[in-house]
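In: How does the following fold in three dimensions:
(one chain, ligands or ions: 1)
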Amino acid sequence: MDSRVKAYQILPRILRLSLCVMVCIFIVASLSGEARARTAAHVLVLHSYHYGYTWTDSLTEGIYSTFADKAPLDNIVVEYMNTKRHPTELIFPHLRVLYADIYRNTHFDLIITTDDNALEFILRYRDELFPKTPVVFCGINNLDNARLRKSKNITGVAEKIEIESTLNLIKQLQPDVTTVAVIAGMSESGRINLKLFREAIQHVDELSALDLSELPVDEIQAQLNKLDSTSVVLNLGLSRSTDGHIFTVDQGINLITQATNRPIYTAWDFAMKPGVVGGNLVSGKHQGAAAANLAIMILNGESADHIPFQESPNANIFDYIELQRYNIPLNRLPSSYILLNAPTPFFTIDRSTGIILIIVSLCIIAVSLLLHYNIKTRRIAAQAMSSTEERFKQLADAAWEAIIIQDEGIIHQVNNQFYPMFGYSLAESKKIDSVEMLIAPESRREFRRHLREDDTTPFDVLAMRKEGSTFPVEMRIKQMDFHGIKAGVLVVRDITERKLIEVKLAEINKTLENLVFERTKTLDQKASELEIANRKLLELDELKSSFMSTVSHDIRTPLTSIIGFTKLISKEFKSSFVGLVEEDSRLAKKRDRIITNLAIIEEEGERLKRLINDFLDLTRIESGSAEWHDQKIDIARLIQQATAVVSGLMPKGAAARIHMEIHEDLPVLHADPDRIMQVLTNLLGNAAKFTPPDKSIIIDVSTHNNAVEIRVTDEGPGIPAKDLVNIFDKFYQVGRGETTPETPKGTGLGLAICKQIIEHYKGHIHAESVLGKGSTFTFSLPV
Ligand code: ADP
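Out: Numbers count the residues shown, from 1 in each chain. Below is the predicted model:
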């Protein structure tokens, strides 16, 4: 597992780094190559002097090595004009003919001339011999040549000795030196150089000149021999002495070195012979290289006219052996220099190879550092992870569920719950080929779908134990990063018990549903039975009502006769028979009993009549057959009338006084005035009935919430709370003993009728009472 993880993580990094290294090498290689000229280009190198002349050879070396490094060419033709040996005026015509002949059929892409004579030749004959061919010159002292300045398609490199730089170098390397013995020879160039020296030394402090140029050989040697430790020699080319001796470069140098043991400095690299320390030198090799660089630019498409003339590419060149000989420490050398004869290092490499090696080394170091960092980070992470993992394992082991970590079907880790749930031992669990082995075959398709979908919603599947038995599980799959790989974490809960309970619940549910169905059926039956019974009852009620109505009506007629005849008998008996029995006390007693009995008959007859009337009235209202003659009502007036009626009905001598409290601006009601009068007289009548003669009754009217509210308050005995709730029921009468034993007999229908009337007009009626203090009956009628 771990080795897989490492390979996953480290290999891509190494590949990325290797790629970077290769890209770097490629870039460096490309850069070091710079622009490359066409290999097919044809270049003529025209030297002023001859092969074997040190200066010319060093120029050739610079040209060749630069082409070889940067733009290897197949076709470089070199011509030596030999003008050291033959005067130009003599040789130029021959060369003109020769070149015209031999290069008649040759086209050169570019010509490099070295030194003045070759350039002069080309300036004269280019148009004739090599028309339109670009020219690069080098080794030219005088760039102000007017003809050169005017020429087209020409550029090149100047050659100029830097005597002042060399004098400064002398001061830098040998601070004790105060005298510079200069030898410039008697040639034309020697005189020019000497003039340059005299100008230059003016600018260098603490150095004085000792001119040995215009002397015979012996004198030169003698003077050199006498030089002390504060002097050095500057050799500007001992080509001829005043006594007529002519010297080659080497001969001149030999003469000087043999005459003195003081350090010798010079101005040209070809003069760097044994015994010469060095200086800021004109370098044939550098001249050649600079010319070749310009040539490459032109061959690559640059116009020669766009390339300005280059400064003399001089270099600080020193001889290591001579520096050692004169105890000149290397740390006095200038920042850039070339050291000849230096001890050979163990091995040498060229510049571009060196750069590549440095970059490769840097890359390797970077890769090593990265690997080191990576290993360190991983070690720390591994330590952290192992403790995290340990904690995670403890947590996982504490879970009820089995937890399985798998990657592409391969199980990596399980918690302790896994083993008892699936019946595997630790060793056996390591041999499980695929996590699908834990799923019953019929559930595998479903399992795979959830594994693919990266959905964390729980789902139910059938799991399979080692021995093949299956059991229901609830599973949840979460994809997570596990040691750098994307693994699926399966959380598995055994839901066997839940499934059993679900089955039981389903059974109970079914039973309940059946029961409810049965009950509903019974209830429906009962409801239809009740409906039938209700219909029957309604029919019976109607029958009863019509029967009662008929019976009441039939009773009322004879009752009227009974009451009428009772009154008549009572009247006649009193007028005809009462006086006849005055003397006979026995008859007188009987007379009195007859009168009393007749009064009872009349009274009960009246009560029966009232009862029947009330009953018929109530029946009519309840059945909806009552007639209602609604009209505008002045409620104040109606109350006054009702009060008058009730006062008239009061027994004589009763001192009950009815007080009216009627608010002004009462709204007009729309109702049957007789019915409202019936309510008022009933309430006032009851109040009058139960109010002792010395107490008063108050009726007040007010308006509340779009309704007229009428309250009748008395100071009677009051009504017990238990009766108050039923007081508006039909035939309900409060027990006589509990209120006032003397109250007149009633029917128990008055309040029931009142309630029916008020509710007919969508009003309310209710009673409040305090036992022993009195009662208040309140009804309201919407406006
Ligand atoms: P009744 O014809 O018997 O008066 P009601 O329906 O008018 O029938 O009254 C029912 C009963 O309510 C009466 O029997 C009486 O006992 C009681 N009752 C009604 N008004 C009062 C009142 N103001 N004070 C005391 N009891 C009353």
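In: quick one: contacts for the closest residue to Asp617 other than its chain neighbours?
Out: Of all residues not flanking Asp617 in the chain, Ile753 sits nearest, at 6.0 Å (Cβ to Cβ, 6 or more residues apart in numbering). (C-beta placed from N, C-alpha, C; glycine too.) The contact partners of Ile753, taken as Cβ atoms under 8 Å, 6 or more residues apart in numbering, are 614, 617-618, 621, 678, 682.
In: Against Asn225, how distant is Gly301?
Out: 59 Å (Cβ to Cβ, to the nearest Å).
In: which residue packs closest to the closest residue to the ligand within the stretch 401-550 of the chain, ignoring adjacent ones?
Out: Across the stretch 401-550 of the chain, no residue is closer to the ligand than Met548, which sits at 18.1 Å (Cβ to the nearest ligand atom). Nearest residue to Met548, sequence neighbours excluded (Cβ to Cβ, 6+ apart): Thr619, at 6.4 Å.
In: And for Ser189?
Out: In space, and not counting its chain neighbours, Ser189 is closest to Gly237: 6.8 Å by Cβ to Cβ, 6+ apart.
In: Tell me the secondary structure at that neighbour.
Out: coil (DSSP: H, G, I helix; E, B strand; the rest coil).
In: The residue of the stretch 401-550 of the chain closest to the ligand is in what secondary structure piece?
Out: helix 496-572 (DSSP states H and E).
In: related to what we said a few turns ago, can you give me the neighbour number for the residue of the stretch 401-550 of the chain closest to the ligand?
Out: 16 (other Cβ atoms under 10 Å).
In: Same question for Tyr320.
Out: Going by other Cβ under 10 Å, the residues that sit close to Tyr320 add up to 14.
In: what's the answer for the one 10 residues further on, then?
Out: By other Cβ under 10 Å, 12 other residues sit near Leu330.
In: and the residue in the chain positioned nearest to the ligand, what does it touch?
Out: Nearest residue of the chain to the ligand: Gly746, at 2.1 Å (Cβ to the nearest ligand atom). Gly746 is in contact with 689, 733, counting by Cβ under 8 Å, 6+ apart.
In: Need the three-state assignment for it.
Out: coil.
In: try Ser775
Out: Taking three-state DSSP, the label given to Ser775 is strand.
In: So the residue located most distally from the centre of the chain, which state does it fall into?
Out: Within the chain, Glu583 marks the point farthest from the mean C-alpha position, 128.9 Å out by Cα atoms, centre = their mean. The three-state assignment at Glu583 reads coil, by three-state DSSP.
In: try Ile112
Out: Per three-state DSSP, the secondary structure class of Ile112 is strand.
In: Who does it form a beta bridge with?
Out: Going by DSSP bridges, Ile112 is paired in beta bridges with Val45, Val136.
In: and it, what is it in contact with?
Out: Here Ile112 is in contact with 43-46, 63, 135-138, 291-292, 295 (criterion: Cβ under 8 Å, 6+ apart).
In: Narrow the residues you listed to just the buried residues.
Out: 43-46, 63, 135-138, 291-292, 295 (16 or more other Cβ atoms under 10 Å).
In: I'd like those residues laid out as a markdown table, including pLDDT and distance to the ligand.
Out: Converted to a markdown table, the buried ones among the contacts of Ile112 look like this (pLDDT from 0 to 100; distance: Cβ to the nearest ligand atom, whole Å):
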| residue | pLDDT | distance to the ligand |
| --- | --- | --- |
| Val43 | 94 | 146 |
| Leu44 | 95 | 151 |
| Val45 | 96 | 151 |
| Leu46 | 96 | 155 |
| Ile63 | 94 | 147 |
| Val135 | 96 | 148 |
| Val136 | 96 | 145 |
| Phe137 | 95 | 149 |
| Cys138 | 95 | 148 |
| Ala291 | 96 | 146 |
| Ala292 | 95 | 143 |
| Ala295 | 95 | 142 |
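In: Once you drop chain neighbours, what's closest to Tyr326?
Out: Pro263 is the one closest to Tyr326 (Cβ to Cβ, 6+ apart), at 4.9 Å.
In: close enough to count as contact, the one you found and Val233?
Out: Yes: counting by Cβ atoms under 8 Å, Pro263 does reach Val233; the two are 7.2 Å apart.
In: of those two, who's got more company?
Out: More crowded of Pro263 and Val233, by other Cβ under 10 Å: Val233, with 26 against 23.
In: Wasn't the more buried one part of a strand?
Out: Yes: membership of Val233 in a strand is supported by three-state DSSP.
In: check contacts around it.
Out: So, once contact is read as Cβ under 8 Å, 6+ apart, Val233 ends up touching 180-183, 224, 227, 256, 260, 262-265.
In: Next up, the contacts around the closest residue to it other than its chain neighbours.
Out: Leaving aside its chain neighbours, Val233 sits nearest to Ile264 (4.5 Å; criterion: Cβ to Cβ, 6+ apart). For Ile264, the contact set (Cβ under 8 Å, 6+ apart) comprises 232-235, 253, 256-257, 275-277.
In: which other residues reach stretch 463-482?
Out: 405, 407, 412, 421-424, 428, 437-441, 443, 447, 450-451, 454-462, 486-496, 498-499.
In: Also stretch 251-261?
Out: 183, 185, 217, 220-222, 224-225, 227, 233, 235, 237-239, 247, 264, 271, 273-276.
In: near the ligand too, which of the residues you listed?
Out: When contact is defined as Cβ under 6 Å from any ligand atom, the contacts of stretch 251-261 do not meet the ligand at all.
In: Buried subset of these, written for ChimeraX?
Out: In ChimeraX, this line selects whichever of the contacts of stretch 251-261 come out buried by 16+ other Cβ under 10 Å:
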select :183,185,217,220,221,224,227,233,235,237,238,239,247,264,271,273,275,276
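In: Out of the contacts of stretch 251-261, name the ones that lie in helices.
Out: 217, 220-222, 224-225 (DSSP state H).
In: Out of those, flag the one nearest to His553.
Out: The closest of these to His553 turns out to be Leu224 (Cβ to Cβ; 181.3 Å).
In: so what does whichever strand or helix holds Gln324 touch, helix or strand wise?
Out: Per DSSP H and E: Gln324 is located in helix 320-325. When contacts are defined as 3 or more Cβ pairs under 8 Å, 6 or more residues apart in numbering; DSSP states H and E, helix 320-325 sits against strand 276-281.
In: hmm, back to that, for the helix holding Gln324, report the contacting residues that lie outside it.
Out: Counting by Cβ under 8 Å, 6+ apart, residues outside helix 320-325 touching it are 173, 263, 274-278, 330, 333, 339-343.
In: The same query, at a cut-off of 7 Å, please.
Out: 263, 275-277, 330, 339-342 (Cβ atoms under 7 Å, 6 or more residues apart in numbering).
In: ok, which pair from those residues is furthest apart?
Out: Applying Cβ to Cβ across the contacts of helix 320-325, the maximum distance is between Gly275 and Leu330, 19.1 Å.
In: re earlier: and the helix or strand following the helix holding Gln324, which residues are buried?
Out: For helix 320-325, the succeeding helix or strand toward the C-terminus, using DSSP H and E, is strand 338-340. Within strand 338-340, the residues that count as buried by 16+ other Cβ under 10 Å are Ile338.
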